[in-house]
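[1] Sequence below, structure please.
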Amino acid sequence: MFVKYCVLVLSLLFFYGCLSAEGKKELVVKGPLETLAKKPGAHIKKIEAMGDHSWLNLGKPVADPKWGVARGRAWAPKMTFAENVNVAFFVGTGRHGYMKPNGHFMDDLWAYDVNGNKWICLYPGTSKKTKLKLDEHGFEVTLDGIANPVSFCSHAYNNLTYLPDTGRFMLTYRCSPWWTKALPQRGEWLGIPKDKLKAYAVGKLNNNARHPIYYNVTKGTWERSYVENKKVMRKGGMSSSFMGVLEYIPSKKKIFYLYGGKVVYFDPAKNEWSNVSPSSKHKITYDMNGCLDTKRNRMLIFKGNGFWAYNLEKDSWETPKSENQPKYLPTCVKGSTFYDKTNDAVIVFYKIKNIYKLHIYICESGKWEEKEIKFPDNFRSAYKLIHGFYHPGLNACFYYMAGDSDNKQARMLVYRYKK
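    Numbering: from 1, shown residues only. Okay, the predicted model is just below:
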């Protein structure tokens, strides 16, 4: 009897262990991500050995063998981390209408390989040789019908997230209007006459923001989802109100989206948006920074002197404790923010008036701390934009520092708040 009991207990432990590990199970990836590093590089041990409030310079990440090194880009503070693939996605427009020296537009998509400290180019960007068409929904596709969005991200803001269950990087479509000189042939499949080919022209393109764009790591391809319900997200894809905060909420299996002071949810399983809350009474308009406090299941949102919390259980706005709050909290162009799960803190790293700032928000006490920044001796803090993500497994913040549409002096820094 005792033996049978032990076998039963062990079986249950094994069963529940498998369930708890399911969310972190690595996916089978296809396409460019098949070149991911097979094992951790020597830099991983250096990261693991970092002490409290310490920095590490990993140098310029190894270039993609064909497409080189990712360029920095304005208003792109968030590199979306996919824990079950161990990469961070990087996307966004740089200089308006910028064409890279390799002849590709800056509507490219990259993945930073953590184990390899290297770049993997998932999509090099549209070139003047690209030939596409519109499908029945008005979406851009290849001539054989595969999704191929063009100039789809008018700066990234926080309009991107990752769906771990299906291995899809998701972003809210916001048409970038500065493509006409770089990609004049696009006017042909959009049905725009040459004499009307100018910025903000859309022709027959379906530019509504309610239709999400995905990059599926299990297929190595773009995907575009047509969403029927027209009562939500009714405006076009270039409205400034869509400079929002998008975040996958594990407890709901839905995506939170704050835009124009209003919260809506997207259910990827049902492929539909739903209205949740009325517009906030606070002055939450656009270009906000935000992150998910997983311990309290709330979204923390800020900009300038405003700091707000959205309770995801009650679907209501709250005023968080905020002692010693900085007079200024950054917009998307100034810096990056994310929740440090290990230390239950929000890390806010930004640059204002050519001075780097580091503020830590202690979630339990509601107090803010300002930390003195001592960069590694081998890091030159010349003008660089900040793009970042938090790696819970390594308990470390990664920051890609690069100039706008530039990669010459690009560096990957790592910061640890507390060991």
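[2] and the closest residue to G51 other than its chain neighbours, what does it touch?
    Computed as Cβ to Cβ, 6 or more residues apart in numbering, the closest residue to G51 that is not its neighbour in sequence is K419, at 5.8 Å. Just so you know, the C-beta spots here come from the backbone N, C-alpha and C atoms, and that holds for glycine as well. Residues near K419 by Cβ atoms under 8 Å, 6 or more residues apart in numbering: 50-52, 395.
[3] Check D113 too.
    D113 touches 36-37, 86-87, 119-120, counting by Cβ under 8 Å, 6+ apart.
[4] Widest-spaced pair of the residues you listed?
    Largest separation among those by Cβ to Cβ: N86 and W119, giving 14.2 Å.
[5] K252 against D315, yeah?
    No. K252 is beyond contact range of D315, at 10.0 Å (criterion: Cβ atoms under 8 Å).
[6] Who has more neighbours out of N86 and W119?
    W119 (25 against 20; other Cβ atoms under 10 Å).
[7] I figured that one was touching P61, is that so?
    Yes. Shown here, W119 and P61 form a contact pair, counting by Cβ under 8 Å, at 5.3 Å.
[8] buried sites along stretch 162-170?
    Under the neighbour-count criterion of 16 or more other Cβ atoms under 10 Å, stretch 162-170 has 162-164, 167-170 buried.
[9] ok, of those, which one's closest to I146?
    I146 lies nearest to R168 out of the buried residues of stretch 162-170, by Cβ to Cβ, at 15.4 Å.
[10] give the contact list for the closest residue to the closest one other than its chain neighbours.
    Sequence neighbours aside, Y214 is the residue nearest to R168 in space, at 4.3 Å (criterion: Cβ to Cβ, 6+ apart). Residues in contact with Y214, defined by Cβ under 8 Å, 6+ apart, are 163, 168-170, 222-225.
[11] Can you tell me the closest non-neighbouring residue to K230?
    Nearest non-adjacent residue to K230 (Cβ to Cβ, 6+ apart): R210, at 7.7 Å.
[12] And the one you found, how far from L190?
    Using Cβ to Cβ, to the nearest Å, R210 is found at 19 Å from L190.
[13] and what of I373?
    From I373 over to L190 (counting by Cβ to Cβ), the distance is 46 Å.
[14] Show me which of these two is the more surrounded one.
    L190 (19 against 14).
[15] and the closest residue to the more buried one other than its chain neighbours, how many neighbours?
    Spatial nearest neighbour of L190, chain neighbours left out: G203 (3.4 Å); criterion: Cβ to Cβ, 6+ apart. If you count neighbours by other Cβ under 10 Å, G203 ends up with 17.
[16] So which bits of stretch 171-187 are buried?
    171-180, 182-183, 186-187.
[17] what does stretch 58-69 give?
    For stretch 58-69, using 16+ other Cβ under 10 Å, the buried residues are 58, 60-61, 64, 67, 69.
[18] cool, and stretch 199-212?
    201-203, 205-212.
[19] now stretch 344-362
    Buried residues in stretch 344-362, counting neighbours by 16+ other Cβ under 10 Å, are found at 344-351, 357-361.
[20] one step back: now the buried residues of stretch 199-212 as CSV including distance to A147, secondary structure and pLDDT?
    Output for the buried residues of stretch 199-212, formatted as CSV (distance: Cβ to Cβ, whole Å; DSSP: H, G, I helix; E, B strand; the rest coil; pLDDT from 0 to 100):
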residue, distance to A147, secondary structure, pLDDT
A201, 22, coil, 91
V202, 18, coil, 92
G203, 18, coil, 95
L205, 13, coil, 95
N206, 12, coil, 93
N207, 15, coil, 89
N208, 15, strand, 89
A209, 16, coil, 89
R210, 16, coil, 91
H211, 11, coil, 94
P212, 11, coil, 95
